[in-house]
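Asker: Here is a sequence together with a model predicted from it:
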Amino acid sequence: MLCCPWAQPSQANPGFSTAPSQIPLASPCLFGYPAPTYRGRRGHTTTYRPVLAQHRLHKLGFARIGAARALSHIIAVANQKGGVGKTTTAINLAAALADRGRRTLLIDLDPQANSTLAFFSSDECPVTIYDVLCPDGSSRNNIAGAIRASKQPRLSVAPGKLMLSRLEVQLAGQFDAPFRLKDALAPVLKDFDYVVLDTPPALGILTVNAMVASTHLLVPIQAAYFAIEGTDDLLETYSRIRSRPNPDLKIVGVLITLYDKRTNISRDTHEQIRAVFGNTLFKTKITKNVRLEESPAYKETILSYAPKSPGAVEYKKLALEVIERVEANRSSRHAEDAA
């Protein structure tokens, strides 16, 4: 909790006697000033503008600071290297979390919109996440208008479209560019236990928005020779985002994808990745599977298209690992706060 450094009693302002630790501030640079006293039924009292400002933001639909985030887990699936299974993982992890009884929202931030096409055709989505994030979008703080229910119970989708590629230019110079997704998500977080973000194969403004808005980062890595080479820039970006805009961001795990146990290169790469990431590496590996490639063509997840296939079994195991890591971490944090 932040406090105003000059909120002390003084002869110049004898009516202002609130202790610094008792004054909650949303942001010291935006609201960090005391208001004049006013005459009320109990005499001269001080109306502190941060409290009023926070109340007004709450009435306008913005969640109270930290209130919604504590209820939802937001997982960004990110790697700037293409072809590592980000979209496949985002789709089927979201489906597996919903299958576990968690209310789940999948957000497609990739201009290729493959996550969207796995559920809907393009003409079924008049409002997309682009309309929420674009600078002149009237839907920015109404992401609920872009969310669509899927055929699977407890799984909803916020679709993307090709025009997301324009945001890099459109948001250039916007002071709030990295925070647009975080701000837009706040009103709907109470409706979901998990939010899964599918990101583009680049470290541009869309991936940065995803990481700023997220509580956790999941990194898929292909079991191939150049797999680890592409993670250096991602981890550097992760470190920078943790240092300033989102210090609560954590890596929930590293996931090996497109694993082929028949080849030496897959086995060798697995050992190499394990040596680098240690316990961060998920026990579950996603093997190469024809059913995983076929399911989007039928607008199905692997859980509904081939529920007994190796891909379905593996993503169910991954969802269980994610739940154990994320929710155990939340429990431990609550225990620390209580202590």
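Answerer: Cool, got the structure.
Asker: which residues touch the residue most central in space within the chain?
Answerer: In the chain, the centroid-proximal residue (C-alpha atoms, centre = their mean) is residue 214; its distance is 2.9 Å. By C-beta atoms under 8 Å, 6 or more residues apart in numbering, residue 214 lies in contact with 74, 75, 76, 197, 246, 249. (C-beta placed from N, C-alpha, C; glycine too.)
Asker: What confidence value was assigned to it?
Answerer: We have a pLDDT of 97 for residue 214.
Asker: how close does it sit to residue 224?
Answerer: Remark: distance between residue 214 and residue 224 (C-beta to C-beta, to the nearest Å) = 26 Å.
Asker: again with residue 166
Answerer: 32 Å.
Asker: Who has more neighbours out of these two?
Answerer: Between residue 166 and residue 224, counted using other C-beta atoms under 10 Å, residue 224 has the larger neighbour count: 19 against 12.
Asker: At which residues are the strands of the stretch 201-339 of the chain located?
Answerer: Assigned by DSSP state E, counting those that start in this stretch, the strands in the stretch 201-339 of the chain fall at 216-222, 250-259, 281-287.
Asker: Torsion angles phi and psi at the residue nearest to the centre of the chain?
Answerer: phi -90, psi 160 (degrees, to the nearest 10).
Asker: Likewise for residue 196?
Answerer: According to degrees, to the nearest 10, residue 196 has phi -110, psi 130.
Asker: Next: residue 78.
Answerer: phi -140, psi 140.
Asker: Near it, how many other residues are there?
Answerer: Residue 78 has 28 neighbours, counted by other C-beta under 10 Å.
Asker: what's the nearest residue to it if we skip its chain neighbours?
Answerer: Counting by C-beta to C-beta, 6 or more residues apart in numbering, residue 78 lies nearest to residue 199, which is 4.5 Å off, once chain neighbours are set aside.
Asker: Now do the same contact list for that neighbour.
Answerer: For residue 199, the contacting residues are 76, 77, 78, 86, 109, 110, 206, 207, 210, by C-beta under 8 Å, 6+ apart.
Asker: So which of those sit within helices?
Answerer: Among the contacts of residue 199, the ones falling in helices (DSSP state H) are 86, 206, 207, 210.
Asker: any idea how far residue 246 is from residue 192?
Answerer: For residue 246, the distance to residue 192 equals 19 Å [C-beta to C-beta].
Asker: State the phi and psi torsions of the nearest residue to residue 201 once chain neighbours are set aside.
Answerer: Distance criterion C-beta to C-beta, 6+ apart; nearest residue to residue 201, sequence neighbours excluded, is residue 82 at 3.7 Å. Dihedral pair for residue 82: phi -80, psi 160, per degrees, to the nearest 10.
Asker: how deep is residue 82 tucked in, by neighbour count?
Answerer: 12.
Asker: Next one: it from residue 112, what distance?
Answerer: Counting by C-beta to C-beta, the gap from residue 82 to residue 112 is 10 Å.
Asker: Kindly report the same for residue 159.
Answerer: Counting by C-beta to C-beta - residue 159 and residue 112 are separated by 12 Å.
Asker: and what of residue 76?
Answerer: Applying C-beta to C-beta, the value for residue 76 to residue 112 is 17 Å.
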